[in-house]
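**Student:** build me a model:
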Amino acid sequence: MATIQRTTARVFYYARNVARDIAPQALFRRRLAGRLEKSLLADGSVRQRLNYYNKLQDAFSPSPAAVRIDNLPFVPSMYYYDLKEIARYFDPKLLIDLQFGDVVDVPEVPSLVKNRPIHADNSNAIILKFNKFRHFHMPADATAFADKLPAVVWRGDLNNPIRTRFLDAVRDLPFCDAGSHKSYAPAEYSKPFLSISQQQRYRYIVSLEGNDVATNLKWIMNSNSLCLMLPPTYETWFGEKQLEANVHYVPLDPDFADLAEKVRYFEQHPAAAERIIAAANAYCRTFANEKAEQAISLLVLYKYFVLSGQIEPDPEVWGYITG
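**Tutor:** Below is the predicted model:
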């Protein structure tokens with residue numbers, strides 16, 4: 001259920017991106033060198049992040065299914081606009097392999113994706129900040145941890161067996177308000193819709209992966225509530241693999257039998273909860289610098305085009321990327 005502010009932001013998102021598409025694209029391509037030059041002035045975290053999102057080290061060739069920048073698929077539209085925001089700075093004839101939507105397997109060829117499985121051999125999955133309007137919506141939270149309800153909350157779609165297992169495990173816990181707000185949810189799992197601001201009233205918010213990553217993870221970690229979750233198995237631009245248990249979030253056992261114990265502990269040790277919340281908030285601030293976010297995105301694509309043999313690397317830029 002969208003708020004007026006959220007609806008206004010969505011309209012602005014589309015209006016801005018449509019205007020960019022209408023504008024002469026050559027204007028953006030002329031700015032590429034300057035944008036890249038500014039990127040080189042960034043600190044080491046930019047290099048570390050771009051090489052984390054794009055782990056490729058060896059040359060490769062685009063597949064026969066690769067698409068030109070000037071012929072990117074428009075559906076889903078937010079993926080299109082998020083990619084075009086960065087890709088428009090490059091030659092429109094350059095080819096890209098990509099997979100829009102939820103990606104559960106590593107692509108067979110190097111491809112741009114929103115998310116990838118967390119395991120050692122995932123370098124073919126090159127992460128870009130796709131669907132950011134939804135996944136990087138991290139509203140402020142003005143309520144202190146101590147002033148929140150001493151209870152646990154979760155809402156979501158039952159699109160993963162883990163979520164159903166969680167609801168079965170916590171159904172008899174009086175301090176746990178968990179369920180699905182979807183109209184098609186079975187009656188025993190059904191709960192009324194709660195907005196983000198309503199969920200932020202609770203001290204403890206559970207994050208559970210769905211089709212891939214948990215959409216609510218980012219706004220939970222940006223709140224003054226404590227995030228409880230299983231260790232992640234997928235990651236996005238948010239770098240979920242880099243989150244540390246008991247540093248950025250509270251880990252739960254696979255059967256969720258420890259939920260009551262964890263809540264009891266943090267109710268008795270609120271300072272420990274607030275330390276984790278502070279670390280989570282600091283992690284979220286990593287993504288608040290829009291100029292840095294764009295610089296990293298440009299360098300991720302630049303590296304892709306160089307290794308795919310489609311552009312000759314500038315020695316200074318390539319030296320920065322490779323360290």
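
**Student:** could you report the pLDDT at the closest residue to Tyr80 other than its chain neighbours?
**Tutor:** Leaving aside its chain neighbours, Tyr80 sits nearest to Phe74 (4.9 Å; criterion: CB to CB, 6 or more residues apart in numbering). C-betas here are computed from N, CA, C, even on glycine. Looking at Phe74, its pLDDT is 91.

**Student:** next up, the contacts around Gly156.
**Tutor:** Contact analysis of Gly156 by CB atoms under 8 Å, 6 or more residues apart in numbering lists 163, 180-181, 208, 210, 216.

**Student:** what kind of secondary structure is the residue nearest to Tyr80 in?
**Tutor:** coil (DSSP: H, G, I helix; E, B strand; the rest coil).

**Student:** verify the stated contact: it with Leu83.
**Tutor:** No: under the criterion of CB atoms under 8 Å, Phe74 makes no contact with Leu83, lying 10.7 Å away.

**Student:** need the residues touching each of those two.
**Tutor:** With CB under 8 Å, 6+ apart, Phe74 and Leu83 have no common neighbours.

**Student:** just the buried ones from the contacts of Gly156?
**Tutor:** 163, 180, 208, 210, 216 (16 or more other CB atoms under 10 Å).

**Student:** now, which of those residues lie within helices?
**Tutor:** Arg163 (DSSP state H).

**Student:** mind picking the two most distant members of the buried ones among the contacts of Gly156?
**Tutor:** Ser180 and Asn216 (13.2 Å; CB to CB).

**Student:** before we move on, back to that, so Phe74 and Leu83 - more neighbours on which side?
**Tutor:** Each of Phe74 and Leu83 has its neighbours counted (other CB atoms under 10 Å); Leu83 has more, 22 against 10.

**Student:** any idea which element Leu112 lies in?
**Tutor:** strand 111-113 (DSSP states H and E).

**Student:** helices and strands around the following helix or strand past that strand, which ones?
**Tutor:** Using DSSP H and E, the helix or strand that directly follows strand 111-113 along the chain is strand 116-117. On a contact count with 3 or more CB pairs under 8 Å, 6 or more residues apart in numbering; DSSP states H and E, strand 116-117 meets strand 125-127, strand 234-235.

**Student:** how far does strand 116-117 sit from its chain's centre?
**Tutor:** When distances are taken as CA atoms, centre = their mean, to the nearest Å, strand 116-117 is centred 12 Å away from the chain's centroid.

**Student:** again with stretch 269-287
**Tutor:** 18 Å.

**Student:** can you give me the helices for the stretch 1-150 of the chain?
**Tutor:** All helices of the stretch 1-150 of the chain, identified by DSSP state H, counting those that start in this stretch, fall at 4-22, 26-29, 32-39, 44-53, 77-87, 132-135.

**Student:** can I get those in a markdown table with mean pLDDT?
**Tutor:** Below are the helices of the stretch 1-150 of the chain laid out as a markdown table (pLDDT from 0 to 100):
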| stretch | mean pLDDT |
| --- | --- |
| helix 4-22 | 92 |
| helix 26-29 | 92 |
| helix 32-39 | 87 |
| helix 44-53 | 92 |
| helix 77-87 | 96 |
| helix 132-135 | 92 |
